[in-house]
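A.B. asks: After the sequence you'll find the predicted model.
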Amino acid sequence: MSEAENRLLYISQADIKKINLSMRDIIDQLEVAFSEKAEGRVEMPPKPGIHPGDADNFIHAMPAYIPAMKSAGVKWVSGFPHNQERGLPYISGLLILNDSETGLPISVMDCVWITAKRTGAATAIAAKRLARPESSIVGILGCGVQGRSNIEALSVDFPLKKVMAYDIDNKVTAKYASEIEAKFGLEVTPVDKPKDAVSGCDIVVTAGPILKKPHATIQAGWIDAGIFASLVDFDSYWHPDALKESSKFCTDDIPQLQHYQEMGYFQDIPPIYADLCELVAGHKPGRETSEECTITCNLGLAMNDMAVAPLIYQRAIEKGIGTWLPL
Ligand SMILES: NC(=O)c1ccc[n+]([C@@H]2O[C@H](COP(=O)([O-])OP(=O)(O)OC[C@H]3O[C@@H](n4cnc5c(N)ncnc54)[C@H](O)[C@@H]3O)[C@@H](O)[C@H]2O)c1
């Protein structure tokens, strides 16, 4: 092996923030990945996981190969709901990018930034097909990392004006409100009751902890006609009767959702109308009337990480960012 092949680029979280890929670029890259998947040109087995300690803790292995992007690799990502009490992030992990021709690892990078941004981007891609284009009021339940990145992504293609923000910790909501107002110029109303971040909103994003047994806070009768909801935290926030008020219940990958059902998640959800590939490729229509209620429950795909990782790697090389390490 030559010296150039005998090394990989380590890209830290701080490096990735410095590269600062735009949300527009991330959304566009994911649109290509979903189109490729619609044509059967992505390899992505359902993610295996381990669950150290508490049953709601997870560490997942998420491999994917996207030939059109010459992208192959795996994300090793943890979600520990009690980390907040320890002052630690809920989501953490690493991503390995391989050379798709030789299989050699070419980069190891932090995956926190990518996970945050690509999840918001997947909401935006679903919203483009499932939300009313004039949607301007967004309800956010769970004002953490996802509460931020989902607003960032939705603001790319929607004329957002107002955010109704709810978090179980009202200090978190207050900080979120001032940050989002300053960053995106939106009016943010912190609310004390979850219902106030649902009723009256055009788009609702739930982003609290993922629980096998849903806390099912959102009740039937809370959602208005014409709403679009993105369930970043699985069905944890929704009562089954509230979910059944949607006319189109979608997900990002049906086999993966079925895999989770076998593990005990999603025990009472409506029939699945479509996955995001079918919507992006136009194989099934998205929203057809301004009255229908639509939902996507995106589980988070390895493909999305592997669509973004090569862009980060290329920009890091171009800008001389990152640390070369010997293999
Ligand atoms: N589907 C995906 O692709 C994907 C990707 C990343 C994260 N997630 C999930 O998204 C969720 C949020 O992740 P994050 O990184 O933003 O976590 P985070 O810790 O940054 O934020 C979670 C926030 O939810 C709040 N919260 C807890 N219980 C709540 C409740 N009942 N109502 C309202 N707020 C509540 C917490 O106070 C915290 O502010 C997690 O469940 C995570 O596993 C999903």
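C.D. replies: Yep, that arrived. Numbering: from 1, shown residues only.

A.B. asks: contacts and neighbour counts: CA atoms only from here.
C.D. replies: Will do.

A.B. asks: which non-adjacent residue is nearest residue 239?
C.D. replies: Closest residue to residue 239 apart from its sequence neighbours, by CA to CA, 6 or more residues apart in numbering: residue 216 at 4.1 Å.

A.B. asks: and that neighbour, how many residues sit next to it?
C.D. replies: Residue 216: 16 surrounding residues under other CA atoms under 10 Å.

A.B. asks: mind checking the SS state of it?
C.D. replies: At residue 216 the chain is in coil, as set by DSSP: H, G, I helix; E, B strand; the rest coil.

A.B. asks: Spit out the contact partners of it.
C.D. replies: For residue 216, the contact set (CA atoms under 8 Å, 6 or more residues apart in numbering) comprises 235-240.

A.B. asks: out of the residues you listed, who's nearest the ligand?
C.D. replies: residue 237 (7.2 Å; CA to the nearest ligand atom).

A.B. asks: how close does the closest residue to residue 89 other than its chain neighbours sit to residue 54?
C.D. replies: Nearest in space to residue 89, with sequence neighbours left out and distances taken as CA to CA, 6+ apart, is residue 83 at 5.9 Å. Taking CA to CA, to the nearest Å as the measure, residue 83 falls 11 Å from residue 54.

A.B. asks: Likewise for residue 64?
C.D. replies: Counting by CA to CA - residue 64 and residue 54 are separated by 28 Å.

A.B. asks: Have a look at these two and say which one is more surrounded.
C.D. replies: residue 64 (24 against 10).

A.B. asks: How about the residue nearest to the spatial centre of the chain, nearest residue that isn't a chain neighbour?
C.D. replies: Nearest to the mean C-alpha position of the chain, counting by CA atoms, centre = their mean, stands residue 119 at 1.8 Å. Distances taken as CA to CA, 6+ apart place residue 300 nearest to residue 119, at 6.5 Å, with adjacent residues excluded.

A.B. asks: residue contacts, residue 313?
C.D. replies: With CA under 8 Å, 6+ apart, residue 313 has these contacts: residue 107.

A.B. asks: Let me know the average pLDDT across whichever helix or strand it is part of.
C.D. replies: Residue 313 is part of helix 302-319, with elements assigned from DSSP states H and E. Per-region confidence: helix 302-319 scores 98 on mean pLDDT.

A.B. asks: cool, and stretch 200-214?
C.D. replies: The model assigns stretch 200-214 a mean pLDDT of 93.

A.B. asks: ok, it near the ligand or not?
C.D. replies: Yes. Under the criterion of CA under 6 Å from any ligand atom, the ligand is reached by stretch 200-214 at 207-210.

A.B. asks: Name the residues that touch that stretch?
C.D. replies: With CA under 8 Å, 6+ apart, stretch 200-214 has contacts from 56, 81, 131-132, 135-144, 146-147, 150, 164, 197-198, 223-224, 226-239, 264-266.
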